[in-house]
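Undergrad: predicted model, plus sequence, below.
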Amino acid sequence: MSIIQKIQDKYGKVMAIIIALALVVFVIMLAFENGGSLFRGDTTTVGKVNGESVKYDNFRAMVDQQTQMMQQRGMGTNSEMLAQQANEGAWNTEIARILLTQEADKLGMEIGKKN
């Protein structure tokens with residue numbers, strides 16, 4: 001126990017400075033990763049699915065629609081749980097839409113109006 005105490009007494013401040021520098025370097029590294037998105041991030045994009053951006057306004061409308069559908073069905077009285085389920089449902093729907101659209105385009109499939 002006395003050895004650990006001696007190390008803390010002699011090198012405590014040095015270790016604190018090293019840890020602080022490591023944290024600062026880590027934050028700076030994250031800030032400049034992906035083109036410095038920490039400082040100039042796109043605030044209208046919620047996320048990307050297979051290279052395609054999902055815009056906040058569209059996603060918010062989908063979440064609202066999911067919430068209304070769940071409330072009409074009488075699902076859940078806990079608003080926090082309902083909001084989480086609506087977010088997950090909207091995100092999963094958007095993922096499926098984007099991936100299916102991209103795959104249909106690759107295959108050359110088109111969906112037209114019924115004549």
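TA: Structure's in. What do you need?
Undergrad: in this structure, which helix or strand is least confident?
TA: For the chain, using mean pLDDT, DSSP states H and E, the weakest element among its helices and strands is helix 37-40, scoring a mean of 58.
Undergrad: quick check, Lys48 in a strand?
TA: Yes - counting by DSSP: H, G, I helix; E, B strand; the rest coil, Lys48 is part of a strand.
Undergrad: which residues touch it?
TA: Val54 (CB atoms under 8 Å, 6 or more residues apart in numbering). All C-beta atoms are positioned from the backbone trio N, CA, C, and that covers glycine.
Undergrad: if I look at Met29, how far off is Lys55?
TA: With distances taken as CB to CB, to the nearest Å, Met29 is found 28 Å from Lys55.
Undergrad: what does Lys114 give?
TA: Distance check for Lys114 against Lys55: by CB to CB, it reads 29 Å.
Undergrad: what about the helices in the chain?
TA: 2-32, 37-40, 56-72, 79-107 (DSSP state H).
Undergrad: setting aside sequence neighbours, what's the nearest residue to the spatially most central residue of the chain?
TA: In the chain, the residue lying closest to the centroid (CA atoms, centre = their mean) is Gly47, at 6.0 Å. Residue nearest to Gly47 in three dimensions, not counting chain neighbours: Val54, with 5.2 Å by CB to CB, 6 or more residues apart in numbering.
Undergrad: hmm, that neighbour is touching Arg97, no?
TA: No - using CB atoms under 8 Å, Val54 is not in contact with Arg97, being 9.8 Å away.
Undergrad: sounds good, over and out.
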